[in-house]
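Asks: Next input, structure requested:
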Amino acid sequence: MDLTTLSILFAIGFGGWYWWRALGTKELALQSARRACERADVDLLDQSVCLSGLGVQRDREGRLRLRRTFSFDFTATGDGRYRGRIVLLGQRTESVDFEPHRF
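Replies: Here you go, the predicted structure:
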């Protein structure tokens, strides 16, 4: 095996590992959105979240973690569609925000 083949195999392996972890993180964000919507007495629309931001930030222990921001849509009355946002730092939910909306 030459270095080019080894590099390609490593890139494919790393891409597969990242994709698998990203699916788990997206599921964690979806669970957080569901819980937050239940607590706020609003309905989560489309039963999905969408990655809207990616960065690096230090956690409380000073370690570098991926900071992922997910957005989701919700409704309070059934008429309007509003945007919510979830921020995950590593595998931990940092915050959940809702747009101002009607009750």
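Asks: could you pull out the strands for the protein?
Replies: For the chain, strands defined by DSSP state E occupy the ranges 43-44, 50-58, 64-75, 82-89, 92-98.
Asks: And the shortest one, what does it pack against?
Replies: Secondary-structure packing of strand 43-44 (3 or more CB pairs under 8 Å, 6 or more residues apart in numbering; DSSP states H and E): helix 3-40, strand 64-75. Glycine gets a C-beta too; all of them are placed from N, C-alpha and C.
Asks: correct me, but E94 touches T69?
Replies: No: applying CB atoms under 8 Å as the test, E94 and T69 come out as separate, 9.5 Å apart.
Asks: shared neighbours, those two?
Replies: V87, L88 (CB atoms under 8 Å, 6 or more residues apart in numbering).
Asks: So for those two, which sits in the more crowded spot?
Replies: T69 (19 against 16; other CB atoms under 10 Å).
Asks: in stretch 62-75, what's buried?
Replies: Buried residues in stretch 62-75, defined by neighbour count with 16 or more other CB atoms under 10 Å: R65, R67, R68, T69, F70, S71, F72, D73, F74, T75.
Asks: Flag the helix or strand of the protein with the lowest per-element mean pLDDT.
Replies: helix 3-40 (a mean of 90; mean pLDDT, DSSP states H and E).
Asks: Tell me how far it lies from the chain's centre.
Replies: 9 Å (CA atoms, centre = their mean, to the nearest Å).
Asks: what angle separates that helix from strand 92-98?
Replies: 50 degrees (axes from the mean of the first three to the mean of the last three CA atoms, to 10 degrees).
Asks: Buried ones in helix 3-40, by neighbour count?
Replies: In helix 3-40, counting by 16+ other CB under 10 Å, buried: T25, K26, L28, A29, L30, S32, A33, A36, C37, A40.
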